[in-house]
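[1] Provided below are the primary sequence and the corresponding predicted coordinates.
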Amino acid sequence: MSEPNEHARHIVGPGIYVAILLALLVGTALTVWASYVDLGFWNPIIALAIASTKAVLVVLFFMHVWYSSKLTKLTVFAGVFTFLILISLTLTDYISRAWGQW
Amino acid sequence: MPDSLANSANTANSAHVEHPAYLRHHFNSAEQQADAASFAMWLFLLTEVMFFGGLFTAYLVYRNWYYPAFVSGSHQLNVVWGTTNTAVLIFSSFTLAMGVWCAQTRRRRGLVLCLTLTFILGLSFLGIKTIEYREKIEKHHVPGFHYSMQSFLDPASDPEVYKEYHDKPLAPDMARHTELYFSLYFLMTGMHAVHMIIGIAILGFMILRARAGAYTAGHVTFVENFGLYWHFVDIIWIYLFALLYLISRH
C-alpha cells in the first residue's frame, strides 16, 4: 500500500454532490417562496428551519462529516452546542429582564 | 547491538525508503497526518463559529427589540440579487466539492477546471455584492454622518420599494434604529465578504499549484481543508440570506 492516505479515507463521489446541489437549490427556492406567504409567528421559524436543513446537508456531505471519524463529529457537535449556549443564555436574559416589573 | 536498537534502526531505515515524500516525520502514517490536519481545520472553524456567533446573537437581540425597523430596513434589500447570490455560492460550493473529488481521484485537468469555476463564481458573488452596496451608498443607507432616514420616515418618497411593500411610516425613534439594522447588515455581509476575498486569493494560489500537479499526486490535505473553509463561508451566507433578506416579505 504505497498511498495509505487514499485507501483509508472515504471518497464522496459526484452523484452525492449533484444530489446535494439540487437539494440546496430547492431549499433556496422554498425559503424565498415561504417568505412571501404570511404565516405570522411561523415565518422566521420556517426560514431558520430551511436554512438549518441546508447547513446540515452542507456539513454532512460537502464537508464529509457523515463519513468522518468520531473525533470530527464530536468537534462539529461541540461547536454547534457552544453556539447554542451563547444564543439561549443571552436570549433568556433579554426575555426575562422585564418579568415582574409591569 | 541490543535487539530493540537494531529494530528501531531498521524501522527508521525502512520508513525512509517507503513513506511518501509529503509525510512529516512526527506522524506515524499519512492517514494520521491527514486526520490531524483535518481536526486542526475544524478547530479553526469552531473559532469562526464563535466569531460569527457573536454577530448573529447581536442581530437576534436587536431584531427582537426593534422589529419594525428591521422589517423596513430589510425591505431595502433586493431579494432577486440576494437569491442569485445564494445560488452562485451554492454552485461554487458544488464546484469546489467536485474539485476535492478530482484531487482525490487524481484528475489534474478536472481539478484545475473546478478550482477555476469556483474562483469565477466567488468573484461573481463579490460583483453582485458591490452592486448592492453601491445602491445603499447612493441612498445614504450606510450608517454614519450621512445616514438618511428618509425612506423610513416617508416610505412613499422611495417609490421603488414602496410600490412593492407599502410600508407605513415609522415613528422617528423607531426609524432611527434602521441605522442599527444597516450597521449589522454591513458588519455581517462585510465580514462574510472579507472571508470570500481571502478564499478567492487562496483559490488563485491553488489554481497555479494544481496546474503543476501539486494536489493530484496523493497529497490532497490542502484542497480538502480549503474545501472545509469555503463550505463554512457558504453556510454563513445561507443564514445571512434568511435573516437579513427574508425577515418579512409579505
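    Structure's in. What do you need?
[2] Look at stretch B:159-176 and report the distance between its end residues.
    20 Å (Cα to Cα, to the nearest Å).
[3] ok, that stretch near chain A or not?
    No - judged by Cβ under 8 Å from any Cβ of the partner chain, stretch B:159-176 and chain A are separated, with a smallest distance of 10.6 Å. Glycine gets a C-beta too; all of them are placed from N, C-alpha and C.
[4] So which residues make contact with that stretch?
    Stretch B:159-176 has contacts (Cβ atoms under 8 Å, 6 or more residues apart in numbering or on different chains) with B:66, B:68-69, B:71-72, B:75-76, B:149, B:151-156, B:178, B:249.
[5] who's in contact with B:I238?
    A:A51, A:K54, A:A55, A:V58, B:T86.
[6] Can you say which of those are buried?
    A:A51, A:K54, A:A55, A:V58, B:T86 (16 or more other Cβ atoms under 10 Å in any protein chain shown).
[7] Identify, from those residues, the entry nearest to A:Y17.
    A:V58 (11.0 Å; Cβ to Cβ).
[8] Let me see the confidence value for that closest one.
    What the model reports as pLDDT for A:V58 is 97.
[9] Same question for A:P4.
    44.
[10] Repeat that for the one 4 residues further on.
    Per-residue confidence at A:A8 stands at 55 (pLDDT).
[11] any chance of the buried ones among the contacts of B:I238 in a markdown table, plus distance to A:T90 and secondary structure?
    Putting the buried ones among the contacts of B:I238 into a markdown table (distance: Cβ to Cβ, whole Å; DSSP: H, G, I helix; E, B strand; the rest coil) gives the following:
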| residue | distance to A:T90 | secondary structure |
| --- | --- | --- |
| A:A51 | 19 | helix |
| A:K54 | 24 | helix |
| A:A55 | 20 | helix |
| A:V58 | 25 | helix |
| B:T86 | 27 | helix |
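[12] if we take these, which one ends up nearest to B:I128?
    Nearest to B:I128 among the buried ones among the contacts of B:I238, with distances taken as Cβ to Cβ, is B:T86, at 10.3 Å.
[13] of the contacts of stretch B:159-176, list those near chain A.
    Checking the contacts of stretch B:159-176 against chain A (Cβ under 8 Å from any Cβ), the matches are B:R249.
[14] Show me just the buried residues among the contacts of stretch B:159-176.
    B:66, B:68-69, B:71-72, B:75-76, B:149, B:151-153, B:155, B:178, B:249.
[15] could you dump those to JSON lines with pLDDT and secondary structure?
    Converted to JSON lines, these look like this (pLDDT from 0 to 100; DSSP: H, G, I helix; E, B strand; the rest coil):
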{"residue": "B:Y66", "pLDDT": "94", "secondary structure": "coil"}
{"residue": "B:P68", "pLDDT": "93", "secondary structure": "helix"}
{"residue": "B:A69", "pLDDT": "95", "secondary structure": "helix"}
{"residue": "B:V71", "pLDDT": "93", "secondary structure": "helix"}
{"residue": "B:S72", "pLDDT": "93", "secondary structure": "helix"}
{"residue": "B:H75", "pLDDT": "94", "secondary structure": "helix"}
{"residue": "B:Q76", "pLDDT": "94", "secondary structure": "coil"}
{"residue": "B:M149", "pLDDT": "92", "secondary structure": "coil"}
{"residue": "B:S151", "pLDDT": "92", "secondary structure": "helix"}
{"residue": "B:F152", "pLDDT": "93", "secondary structure": "helix"}
{"residue": "B:L153", "pLDDT": "93", "secondary structure": "helix"}
{"residue": "B:P155", "pLDDT": "91", "secondary structure": "helix"}
{"residue": "B:T178", "pLDDT": "95", "secondary structure": "helix"}
{"residue": "B:R249", "pLDDT": "80", "secondary structure": "coil"}
